[in-house]
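>>> Okay, here's the prediction I keep looking at, along with the sequence it came from:
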Amino acid sequence: MSEIEIESRNLDLWYGSAQALKNISMAMPEKKVTAIIGPSGCGKSTFIRCINRMNDLVKGCRITGELLFEGTSVYDSGVDAVELRKKIGMVFHEPNPFPMSN
């Protein structure tokens, strides 16, 4: 059986007073494909942004609950967000070419 690589427990997220995620609990095993599907606006990208800590600089964003990567909270004070992002890749909806990449 695979180990759990990413796990959320009772994860909630607010942008100001608007709650975007409510009580998200799921476990994603290592070396397995996990799909997050749903209608537009249901919070898929918001959840993925939490895993990579891309909401850190979003004004008014507040997150509660737990989000673990390899058993450690991604929001732990000892976790370097840059190093975390090196380990967890993201695929965006729209192409996002780097400057001078054409």
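Sure thing, it's come through.
>>> From now on I want contacts and neighbour counts done on CA atoms only, so please keep to that.
Noted.
>>> so where's this protein uncertain?
Within the chain, the stretches with pLDDT under 70 are 1-2, 91-102.
>>> residue ranges of the helices in this protein, please?
For the chain, the helices defined by DSSP state H occupy 44-51, 81-87.
>>> which stretch among the ones you listed comes nearest Ala27?
Ranking the helices of the chain by their distance to Ala27 (criterion: Cα to Cα) puts helix 44-51 first, at 12.3 Å.
>>> Which elements pack onto the closest one?
strand 18-29 (3 or more Cα pairs under 8 Å, 6 or more residues apart in numbering; DSSP states H and E).
>>> where exactly do the strands run in this structure?
Taking DSSP state E as the test, the strands found in the chain are 4-15, 18-29, 61-69, 72-73.
>>> got the ones you listed as a markdown table, with distance to Gly43 and mean neighbour count columns?
Formatted as a markdown table, these follow (distance: least, Cα to Cα, whole Å; neighbours: other Cα atoms under 10 Å):
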| stretch | distance to Gly43 | mean neighbour count |
| --- | --- | --- |
| strand 4-15 | 10 | 18 |
| strand 18-29 | 6 | 15 |
| strand 61-69 | 14 | 17 |
| strand 72-73 | 20 | 16 |
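>>> would you turn those into TSV with distance to Cys42?
Converted to TSV, the strands of the chain look like this (distance: least, Cα to Cα, whole Å):
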stretch	distance to Cys42
strand 4-15	13
strand 18-29	8
strand 61-69	17
strand 72-73	24
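>>> Any idea which of those strands gets closest to Gly41?
If we rank those by Cα to Cα, the stretch that ends up nearest is strand 18-29, at 9.0 Å.
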